[in-house]
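Participant: Output the structure for:
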Amino acid sequence: MVNDGIKFAVTRIHKLDGDGTTKAFCDLSILDSLVIKGLRVVEGKEGLFVSMPREVSRDGKWYNTVIPLKREIKDEIEKIVLEAYGG
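Facilitator: Residues are numbered from 1 along each chain as shown. Below you'll find the predicted structure:
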């Protein structure tokens, strides 16, 4: 998929069994040159969404380690990941 000349592709998806809210983990390639590991497909109150990779800090809070700066890019990533997931 291309957005503003940026090509995104899901390079790996691992679906999880069970009743938890996390339904899958995936890796996303950008321009066939960079891979973002650890995106999650999550079941929220309003359906499936994509959560960016995150880590816990010393204060015990979780912070995203990858942050799309444009809404269009975030939407494109979510679309591609959810299509790969099958939802």
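Participant: check contacts around the residue nearest the centre of the chain.
Facilitator: Of all residues in the chain, the one closest to the mean position by C-alpha atoms, centre = their mean is Leu39, 3.4 Å from it. Taking C-beta atoms under 8 Å, 6 or more residues apart in numbering as the contact definition, Leu39 lies against Phe25, Cys26, Asp27, Leu28, Val50, Ser51, Met52, Pro53, Ile77, Val81. Yep, even glycine has a C-beta here, placed from its N, CA and C like the rest.
Participant: So which of those residues belong to helices?
Facilitator: By the criterion of DSSP state H, membership of those in helices covers Ile77, Val81.
Participant: Turn the contacts of Leu39 into CSV, columns for neighbour count.
Facilitator: Formatted as CSV, the contacts of Leu39 follow (neighbours: other C-beta atoms under 10 Å):
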residue, neighbour count
Phe25, 17
Cys26, 21
Asp27, 17
Leu28, 24
Val50, 20
Ser51, 18
Met52, 17
Pro53, 16
Ile77, 23
Val81, 24
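Participant: on that earlier part again, what's across from the residue nearest to the centre of the chain in the sheet?
Facilitator: Here Leu39 sits in beta bridges with Cys26, going by DSSP bridges.
Participant: for the chain, what spans make up the strands?
Facilitator: For the chain, the strands defined by DSSP state E occupy 2-3, 6-15, 22-30, 34-44, 47-51, 54-56, 62-64.
Participant: now the angle from the fourth one to strand 6-15?
Facilitator: What it means is strand 34-44. With axes from the mean of the first three to the mean of the last three C-alpha atoms, to 10 degrees as the basis, strand 34-44 and strand 6-15 are set at 60 degrees to each other.
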